[in-house]
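Participant: I would like to see how this sequence folds:
(chains A and B)
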Amino acid sequence: MIRAVKGTRDLLPPSTSVWNHVEAVARGVFRSYNYHEIRTPLLEETQLFARGVGEETDIVTKEMYTFEDRDGSSLTLRPEATASVMRAYIEHRLDQRPGMQKLYYMGPMFRRERPQKGRYRQFFQIGAEAIGSESPVVDAEVIEMVVDLLEGVGLEGFTLLLNSVGDSKCRPAYISQLREALAKVAPNLCEDCQRRVITNPLRVLDCKVAEDQPIIDKLPSILDHLDEACRQHFETVQQLLRDRKIPFEVRPRLVRGLDYYMRTTFEVVHGALGAQNSVLGGGRYDGLAEAIGSKVAAPGIGFSIGEDRLVMTVENAVKGEALDLLIAALGEAALKRSAELARGLRSLGLSVEIVSDRRPKRALELADKSGARFAAIVGDEELLSGIVGVKNMRTDEYVSVAFENIAEGLRSNK
RNA sequence: GUGGGUGUAGCUCAGCUGGUAGAGCGCUGGAUUGUGGUUCCAGUGGCCGAGGGUUCGAAUCCCUCCACCCACCCCA
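Facilitator: Predicted coordinates for the structure are as follows:
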């Protein structure tokens, strides 16, 4: 048997209606903040991610789906979208368009990791990027939008974590101090951390091993090492969030795995997701444009939602897309008349199913099992009288109406 | 890449110390020529993850491999 490849999956009904719901809510929220959709290719030149995401990151060193094209060039299935959006921004000179560019996207990303709960090799992200401004006002609005979106799809009990990771001017100094401090305590840390001390000292801050916590708490905090500009920026973002009554927790130890982040970073976590508790991550990336070879500066901030994870948390809260009417047609003539009726109803946006190969009882049973709102039987009697008995499957109400009045009845009961 | 767990019907799972498969749910039909949800009856269903070994005989014991899940790493 041929199966879906490891880490990929088929999304089947009724689950797909949850996905549609999440995406519809997202589009609505994006529209209300004046964001517009951008669609970039799933394939990019490998260099884009190597430079944009960071040569040393896990994504680039071991998780990318990279292959050689027939002409010898190296292509990669996108592991994330921000670099692509920035590439498109530069390529099409969107900086020349009036005002800031507020863009959103949704679609599949690919990373070759070992799958587990909430993690797939093909996974879906919904994200947005605001490019063309360094202002903390934009940071606050992006975060406000994120909260709107999550609440809009019905997510409850999430926590917004906030931090600033400084910029290219103040972060290097902090990291060297951190290295110094780590050198002294390294032998007392867990095995993973001892490795991180060398590979990526910031990651030590993210360690979850209980015994390490007291040691990590004593390490220097990035927030004490921000330069004046970064400190101001971070202060303002926090003030604007308070003004908007958006609850958040400052987590000086919140670090992100992608090299391009600077200043504001944030994350939304939710229990009930297993070990992968992060639903969304984002931050500012003022140096990204230059990193991928742009001559013009393009400061920006964005975020990305793990749609698979979000759907997991709201799966039960969303109702499916119910069938409006199931018609049991008895005989040739009735089938013909039913098809006419269905055509009219469908053109009004109602969903209709015709069943002509089952006894009425079985047809009703099917209506019940498929969650139809109404059911009707069309046979010789109805053809003669022009009157159909329409049954409300939820309330058991049963009304006789003329063929031409069915639409109205269905719609008023919706 | 590393650990742990699990693989028997479409789904959830029973099958004790070896005697070549069961239940519930589902699906199809009937009881009930045209009105669902309850009941009852019948039918449909499986190279017991794959290969090899032990044995007269293996779903069951042994070995190898594979797949899926969870976790680590890391991230959405």
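
Participant: Now do the same contact list for A:Val318.
Facilitator: Shown in contact with A:Val318 (C-beta atoms under 8 Å, 6 or more residues apart in numbering): A:17-18, A:21, A:154. For the C-beta atoms, the positions are set from N, CA and C on the backbone; glycine is no exception.

Participant: Can you pull out the low-pLDDT segments for chain A?
Facilitator: For chain A, applying pLDDT under 70 flags the ranges A:413-414.

Participant: Could you break it into its assigned domains?
Facilitator: In terms of domains, chain A is parsed into A:15-170+A:226-317, A:325-412 (source: automatic domain parsing).

Participant: A:Arg411 contacts A:Phe374, doesn't it?
Facilitator: No - taking contacts as C-beta atoms under 8 Å, A:Arg411 lies outside contact range of A:Phe374: 10.9 Å.

Participant: Quick check: which of the domains of chain A has the most neighbours on average?
Facilitator: Ranked by mean neighbour count, the domains of chain A are led by domain A:15-170+A:226-317 with a mean of 18 (mean count of other C-beta atoms under 10 Å).

Participant: JSON lines for the domains of chain A, including distance to A:Pro201?
Facilitator: Listed next are the domains of chain A as JSON lines, based on distance: least, C-beta to C-beta, whole Å:
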{"stretch": "domain A:15-170+A:226-317", "distance to A:Pro201": "10"}
{"stretch": "domain A:325-412", "distance to A:Pro201": "55"}
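
Participant: Contact residues of the stretch 51-200 of chain A facing RNA strand B?
Facilitator: Contact residues (C-beta under 7 Å from any atom of the strand) of the stretch 51-200 of chain A with RNA strand B: A:57-59, A:80, A:111, A:113-120, A:123, A:125, A:192, A:196, A:200.

Participant: Identify the residues contacting stretch A:240-257?
Facilitator: With C-beta under 8 Å, 6+ apart as the contact definition, stretch A:240-257 has outside contacts at A:57-59, A:136-137, A:139-140, A:143-144, A:147, A:159-163, A:165, A:202-203, A:205-206, A:216, A:221-223, A:238, A:265-267, A:281, A:283.

Participant: That one: end-to-end distance?
Facilitator: 26 Å (C-alpha to C-alpha, to the nearest Å).

Participant: And stretch A:188-204, by the same measure?
Facilitator: End to end - C-alpha to C-alpha - stretch A:188-204 spans 12 Å.

Participant: next one: stretch A:267-284
Facilitator: End-to-end distance for stretch A:267-284: 12 Å, by C-alpha to C-alpha.

Participant: do that stretch and RNA strand B meet?
Facilitator: Yes - judged by C-beta under 7 Å from any atom of the strand, stretch A:267-284 comes into contact with RNA strand B through A:267, A:274-281.

Participant: coming back round to it: between the domains of chain A, which one is nearest to A:Gly7?
Facilitator: domain A:15-170+A:226-317 (2.8 Å; C-beta to C-beta).

Participant: so how far is the closest one off the chain centroid?
Facilitator: A distance of 10 Å separates the centroid of the chain from that of domain A:15-170+A:226-317, by C-alpha atoms, centre = their mean, to the nearest Å.

Participant: cool, stretch A:192-203 as well?
Facilitator: The chain centre lies 29 Å from the centre of stretch A:192-203; the measure is C-alpha atoms, centre = their mean.
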